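Participant: structure for this input, please:
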Amino acid sequence: MGVALLLRFLLLPWVPTGMPFVVFYPVIVGTAVLFGIWAGTFAGMVGTLLAWYFFLPGVGFALGVGVPFALSLYVAVIASSLALIRFLQLALKRANCAREESRKLAESRETLFRELQHRVGNNLQVVSALLSLQKRKLSDPAAIAALEEAADRVQLIGQIQRQLYDLDGQQQAMDSLLTQVVEDCLESFAREDVAYTIAVERGLTMSPDQAIPVSLIVYEAVANAVEHGFPERGGLVSVEAQFVGQRIEVSVSDDGVGLPADFDLAQLQSMGLKLSSALARQCGGNFALESGSGATRAVVSLPCEGKG
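Facilitator: Residues are numbered from 1 along each chain as shown. As a prediction, this is how the structure comes out:
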């Protein structure tokens, strides 16, 4: 306030005497904002006394003509300003508290989500392990093979479940998810001579109810391509996901040996292809195998749930 008083004296030649509080008001407001409402109140009281003593008509604290009105008006302005500043400070404090609470809730939700994903994956691994243990009690080769196949698929579902979301709890983009599925499949076959490409149309998304079955179908299609399309040589597997009208079409094609001329999907006994057809129907879609010019193409067509 001493600086404000000195500045007010320096401004006497230019500032009319009818404006005794012109320098003190911004100092009071600034003090309240920077140091709190009580510091602002103290500065307001000191400023009022200084202005009254030095710049209002009369000697010292005299109540000359118009002085009571000027003091009352100044006190009212200062009081209303301090009240507004206090209100804004409290509102800002409440907003900061709410933001901190939201941050804690978001962290808690993310932690619970990750724990849920972890537990689901672990439970699926336990189921896969139980199936693997159960096969040891069997002697029938067909039954053993069936349990091994079931255990492998349960384990695959667990892997896809883990890959469906990133570390921040956001659902993985389809190209990232499909890339991981294809890489896992090729790694399981130890086929470094098979290359792959992934092409996903911009804006294509799937809900988890679609993404998991589609990932399983893609895995089965890539596995069939590697096992039957490239039995003695390498090749290229291409995965595409695109909008076709009001539907989503996901295809897996290879440049392998192709399908036999008398191939009939409906008559085939392959568990993998039966599973692919059943998963496609579960999503309200359909599954088909096409062959031509030495290439094989597995296609699943689904209802469109999202186009961003």
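
Participant: any idea which helix or strand in the protein has the lowest mean pLDDT?
Facilitator: The helix or strand of the chain with the lowest confidence, counting by mean pLDDT, DSSP states H and E, is helix 2-10 at a mean of 55.

Participant: after it, which helix or strand is next? Please name it.
Facilitator: helix 24-35 (DSSP states H and E).

Participant: following the chain past that following helix, name the next helix or strand.
Facilitator: According to DSSP H and E, the helix or strand after helix 24-35 is helix 37-54.

Participant: elements contacting that next one?
Facilitator: Here helix 37-54 touches helix 2-10, helix 24-35, helix 67-134, going by 3 or more Cβ pairs under 8 Å, 6 or more residues apart in numbering; DSSP states H and E. The way it works is simple: take the backbone N, C-alpha and C, and place the C-beta from them, glycine included.

Participant: after the longest one, which helix or strand is next? Please name it.
Facilitator: The reference is to helix 67-134. Sequence order places helix 141-163 as the next helix or strand after helix 67-134, per DSSP H and E.

Participant: mean confidence score for that next one?
Facilitator: Mean per-residue pLDDT for helix 141-163: 77.

Participant: equivalent analysis for stretch 185-201, please.
Facilitator: For stretch 185-201, the mean per-residue pLDDT is 87.

Participant: and if you look at stretch 105-115?
Facilitator: 72.

Participant: determine how far that stretch lies from the middle of the whole chain.
Facilitator: Chain-centre distance of stretch 105-115: 12 Å, with Cα atoms, centre = their mean, to the nearest Å.

Participant: output it as PDB - backbone C-alpha positions only.
Facilitator: The C-alpha trace of stretch 105-115 is given here as PDB (Å, rounded to 0.1, in the frame of the first residue of the first chain):
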ATOM      1  CA  LEU A 105     -12.200 -42.300 -10.300                       C
ATOM      2  CA  ALA A 106     -10.700 -42.600 -13.800                       C
ATOM      3  CA  GLU A 107      -7.600 -44.200 -12.300                       C
ATOM      4  CA  SER A 108      -9.700 -46.500 -10.200                       C
ATOM      5  CA  ARG A 109     -11.800 -47.500 -13.200                       C
ATOM      6  CA  GLU A 110      -8.700 -48.100 -15.400                       C
ATOM      7  CA  THR A 111      -7.200 -50.300 -12.600                       C
ATOM      8  CA  LEU A 112     -10.400 -52.300 -12.300                       C
ATOM      9  CA  PHE A 113     -10.600 -52.700 -16.000                       C
ATOM     10  CA  ARG A 114      -7.100 -53.900 -16.300                       C
ATOM     11  CA  GLU A 115      -7.700 -56.300 -13.400                       C
END
